[in-house]
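>>> following is a predicted model, sequence given first.
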Amino acid sequence: MLSNVTSSLTTSQRADCWGWWSLQKSMQSLFIPIEGWRSLLRTCPWRTSYPSPWTSLWWRFPHQRNLQSWVSFPLLTIQLHRDIYIYICIYMYYILYNCSPVKYSTSRFLLVSVRRIEGADTKVRVSYQERALELRLPFGSHSRFFLSEVNRAWSEVCKSATQAPGFKWVGKYYKATKGLGVVKQALAPSGATLTKLSQQRKTAKSGPSEKERGANAGAPTSKQTGQESQVKSSREDRDDLVRSSSHTTSNKAQILAMPQFGLRDNIIRCELLKTEDLYTYTEDFSFFLGTYNVNGQTPKESLRPWLSCTANPPDMYCVGFQELDLSKEAFFFNDTPKELEWTKAVAEALHPDAKYALVKLVRLVGIMLIFYIKKEHAEFISDVEAESVGTGIMGRMGNKGAVAVRFRFHNSDICVVNSHLAAHIEEYERRNQDYKDICSRLLFRQLDPTQPPLTIMKHDVIVWIGDLNYRITELDVTTVKELISQKDFETLHGHDQLKRQMDEEAVFVGFVEGPIDFQPTYKYDTGSDKWDTSEKCRVPAWCDRILWRGKNIAQQQYQSHMTLKTSDHKPVSSLLVIGIKKVNAEIYKKTFEDIVRNIDKLENECIPSVTLSNREFHFKDVKYMQHQSVTLSLSNDGQVPCQFEFIQKPNEHTYCKPWLTANPPKGFIAQDGSVDIELEVFVNRSTAPKLNCGKEKMEDILVLHLERGKDYFISVMGNYLPSCYGSSIHSLCQLREPIQDMPQETLRRVAENSQTDDETNTEKPLDIPKELWMMVDHLFRNALNQEDIFQQPGLRIEFAEIRDCLDTGIPDSLPGSNHSAAEALLLFLDALPEPVVPYSFYQQCLENCSSASQCEKIISMLPQCHKNVFNYLAAFLRELLKNSASNRLDVSILATIFASLLLKSPTKQDLAEKRRSQEFFQHFLTQGSS
């Protein structure tokens, strides 16, 4: 019977309706055995057209139950798909296992009715006898995933009529689910009835309002009331609450971007975004922004003068901290008890005239951001994501960097960044670089994992807070203090580094900062209002700042809070009133219907096509860790919108070589529109080794595919300049001339000999690579007393100059600062294809890490050139430790930094392995080590 049904359907009738099989209206009733249903579901084709509004299926079950239920789908909205998933599966459990058994001969049916309205929300109704369960699902991938999971769970239930399933998957929802009592009922003995479930549903209908339920979704459970209980909830619980944030009517346009809905829905999304002003309006909400560098202190006073300084309670709080913990444990292992102490202090100091829900907390070492919202607004928060990026040494250490939270509030996308940029008055260029690194490297994943991540700038509103560390220049400390005493902040602000850099458009382009009419917030003697009286006597500066970017934003206050004296900084606050986009549901529905009606007229009439600006691209003189990019422009010259994507070639896992990326790799072009695609080349430690020795060439072909259209082929070539970065120790010891002076054939032969241990070369190799000697010798002569050496990053432009010097031999001595030379050394060690201690010795080193004699014995067994490099570096680091009073280094810091570079794991290291590798290397740093 199943084969007869499928053979009678046309291609347009075999339409996928949210993972369910769709039939034409004329076939509203159909009997299918459960085995046939599962087979039909597995072979269901991808949607090629859209189903008629109403479709029905009769689903016959070979079960011992007198069962009849149905599910329908009209236009409505939902809150939490997770809770609904539990309810519907538990209800099915009751239907199957809590009813009196009857004989197989009796007919049992489940009626599933589907109404498909493209782009609309859905309503699910499950009924048994006189009891019913009504559910609401949002249009989007979450609902699609939910229905597929229900179908999967239901299919598992149907496999056996005699054995009740364990429903183990429900366990992961126990912690944060409001319907916990229902879960317990579902797992009750089979003698239980449906009465309790029915009563619970009736209670829910007459219980809290929809807004109250939404607010509770973003807050702790009902037993945890008050701000103190919110602090006690674990980070794991908070993350679970965030993940369950709902999609509301206001963000359907974003959900339409999901690839599951194909080209048609992307056209709808594009048109909706273009006409957004028709169905949205703005409403003002107040945002409290606060930043405080606490200098590693614990909270010693109430934060209420800072956080409750506004007359009316703000709608949202975004509170940022820097230098939360200055201990080595926090720096190296990102673990600190001060997170809980300061979080509790914040919760206790929020405005007393409102109830707040903790939405998200994110921390990177000492940089922390806490996000609270009024409970009545919690239901309108969705798509919450948090990310962090370190900009410390090698761009990894988290002592400097940023944390950020992005979220969708009603129909506006908002991003809040809390950063701590490089210190010292002369390092403004390093601060500029930190800002650019944060903007380029801090990426938020999207709901659809196939879509490229969102950058900071891809938001309607961006708020940037933190210790930006920009100082006051060209004025001595006495003049600065005199201007402060006269409250001549305008003159003083003219010498502010941040203002000057923003005026030059070097950083924070498009951002705004309100007028500063408060005295500098740095640096004070801890516990007082006195300026710095230490030996360094720092020049006062406005290090702590709050900036914003976006439309419909007005600042109501911007001030410091002198009453707080815990730190050498003073906290700063700003109250912003932001116009948030909200959706008019009626106008949205009408706009949506008009768009769909127009698309129906165009569908299947034309084949999409594009014009490419170029089909061949050549990158000249590509260097290690140096970005190059060109622009590929696509113009839609067809009569319909089109969707493009770079696709994989046969027998390849990705659409391009690892040194190449296309941004964006997929997208949508409206009719008569165009899009620019950045083709970027970047060679890093993973791709450099084969390019250095010529085993791979910088050549690739990209295949650009148009949905329902043809493919275009784009040739990408480049001229890569070999570098000592990414070359092996053995190869570099064979090269007496700069690597870029060597013929490609020589480099290939040397690389092959290093892999086969060929000793036919009669010329004696160098003891250590000359490039390594140049860097270490430079640091030995110039940086033994350099403060914070190997802890403060250098400048990227100076690293490029050092790399070119090592690769070409020009000039004779290394350029750049000591910090740049130190970072260049670390990057050199990090880029080695085989670490200084080869991978084959790794496990042996960890097993003998507690014995100094065994550790020295293992090093003596290394290949000669690797052993020479290890001993040379250890001797240099011991010299650095002799000057620890001035450079502020100790054994623990050096072991942490260098152990991970010299002694690498073939796989990802866990925390225990990191500690053991550091213990191994510490034996070679202690005084008296040979």
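On my side now, so go ahead. Numbers count the residues shown, from 1 in each chain.
>>> is Phe321 in contact with Gly366, as I believe?
Yes. Contact criterion CB atoms under 8 Å: Phe321 and Gly366 qualify, at 7.4 Å. Yep, even glycine has a C-beta here, placed from its N, CA and C like the rest.
>>> how close does Ser633 sit to Ile797?
Separation of Ser633 from Ile797 (CB to CB, to the nearest Å): 30 Å.
>>> again, but for Pro337
From Pro337 across to Ile797, the span is 40 Å (CB to CB).
>>> any regions of the chain where pLDDT drops low?
Low-confidence segments of the chain (pLDDT under 70): 1-263, 329, 331-333, 396, 450, 602-605, 755-762, 927-930.
>>> for it, longest strand please?
Ranked by residue count under DSSP state E, the longest strand found in the chain is strand 280-293.
>>> okay, that strand in CSV with CA atoms only?
Written as CSV, here are the backbone C-alpha positions of strand 280-293 (Å, rounded to 0.1, in the frame of the first residue of the first chain):
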residue,chain,number,x,y,z
THR,A,280,8.2,48.1,13.6
TYR,A,281,8.2,51.0,15.9
THR,A,282,10.6,52.2,18.7
GLU,A,283,10.1,52.2,22.4
ASP,A,284,12.6,53.7,24.9
PHE,A,285,14.3,51.4,27.5
SER,A,286,16.9,52.5,30.0
PHE,A,287,20.3,50.7,30.1
PHE,A,288,22.6,51.1,33.1
LEU,A,289,26.3,50.6,32.1
GLY,A,290,29.0,50.4,34.8
THR,A,291,32.7,49.7,34.7
TYR,A,292,35.1,49.2,37.6
ASN,A,293,38.8,48.2,37.8
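>>> what residues sit buried inside it?
Neighbour-count burial for strand 280-293 flags Thr280, Phe285, Ser286, Phe287, Phe288, Leu289, Gly290, Thr291, Tyr292, Asn293 (criterion: 16 or more other CB atoms under 10 Å).
>>> can you list contacts of the next helix-or-strand element following it?
The helix or strand immediately downstream of strand 280-293 is helix 304-307, counting by DSSP states H and E. The contact list for helix 304-307 (CB atoms under 8 Å, 6 or more residues apart in numbering) reads 288, 290, 292, 317, 319, 346, 348-351, 561, 563-564, 571, 573.
>>> can you do 10 Å?
288, 290, 292, 314, 317, 319, 345-352, 372, 559-564, 570-573 (CB atoms under 10 Å, 6 or more residues apart in numbering).
>>> can you flag the buried ones in the residues you listed?
288, 290, 292, 314, 317, 319, 345-351, 372, 559-561, 564, 570-573.
>>> which of these fall in helices?
Ala345, Val346, Ala347, Glu348, Ala349 (DSSP state H).
>>> of all those, which comes closest to Ser905?
Of all these, Ser905 sits closest to Val346, with 38.3 Å by CB to CB.
>>> doesn't Pro299 make contact with the closest one?
Yes. Using CB atoms under 10 Å, Val346 makes contact with Pro299 at a distance of 8.9 Å.
>>> tell me where the stretch 601-750 of the chain has helices.
Applying DSSP state H, counting those that start in this stretch to the stretch 601-750 of the chain gives helices spanning 688-693, 729-734, 744-756.
>>> I'd like those laid out as TSV, including mean neighbour count and distance to Gln626.
Formatted as TSV, the helices of the stretch 601-750 of the chain follow (neighbours: other CB atoms under 10 Å; distance: least, CB to CB, whole Å):
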stretch	mean neighbour count	distance to Gln626
helix 688-693	22	11
helix 729-734	23	20
helix 744-756	16	19
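>>> between these, which one is closest to Arg888.
helix 729-734 (30.2 Å).
>>> list the helices and strands the closest one packs on?
helix 688-693, helix 744-756, helix 770-782, helix 864-881 (3 or more CB pairs under 10 Å, 6 or more residues apart in numbering; DSSP states H and E).
>>> CA atoms of that helix as PDB?
Extracted in PDB, the C-alpha atoms of helix 729-734 (Å, rounded to 0.1, in the frame of the first residue of the first chain):
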ATOM      1  CA  ILE A 729      64.600  22.800  13.700                       C
ATOM      2  CA  HIS A 730      66.500  20.200  11.700                       C
ATOM      3  CA  SER A 731      65.900  22.100   8.400                       C
ATOM      4  CA  LEU A 732      67.000  25.500   9.800                       C
ATOM      5  CA  CYS A 733      70.200  24.000  11.200                       C
ATOM      6  CA  GLN A 734      71.000  22.900   7.600                       C
END
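>>> determine which of the helices of the stretch 601-750 of the chain approaches Asp890 most closely.
Checking the helices of the stretch 601-750 of the chain against Asp890 by CB to CB gives helix 729-734 as the closest, at 27.8 Å.
>>> returning to what we had before: now render the helices of the stretch 601-750 of the chain as a markdown table, adding distance to Pro453.
Below are the helices of the stretch 601-750 of the chain laid out as a markdown table (distance: least, CB to CB, whole Å):
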| stretch | distance to Pro453 |
| --- | --- |
| helix 688-693 | 25 |
| helix 729-734 | 36 |
| helix 744-756 | 35 |
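>>> quick one: closest of those helices to Leu873.
Proximity to Leu873 (CB to CB) singles out helix 729-734 among these, at 11.5 Å.
>>> so what touches stretch 840-847?
Contacts for stretch 840-847 (CB under 10 Å, 6+ apart): 834-835, 837, 854-855, 857-859, 861-863, 866, 899, 902-907, 909, 912-913, 915-917, 919-921.
>>> among these, which ones are buried?
Buried, going by 16+ other CB under 10 Å: 834-835, 837, 854-855, 858-859, 862, 866, 899, 902-905, 909, 913, 915-917, 919-921, out of the contacts of stretch 840-847.
>>> tell me the secondary structure of Val596, please.
helix (DSSP: H, G, I helix; E, B strand; the rest coil).
>>> ok, Glu376 next?
Quick answer, by three-state DSSP: Glu376 is helix.
>>> in this structure it contacts Ala354, no?
Yes. The pair Glu376 / Ala354 is scored as a contact, 8.7 Å apart, by CB under 10 Å.
>>> could you tell me which residues touch both of the two?
Common neighbours of Glu376 and Ala354 (CB under 10 Å, 6+ apart) are Asp315.
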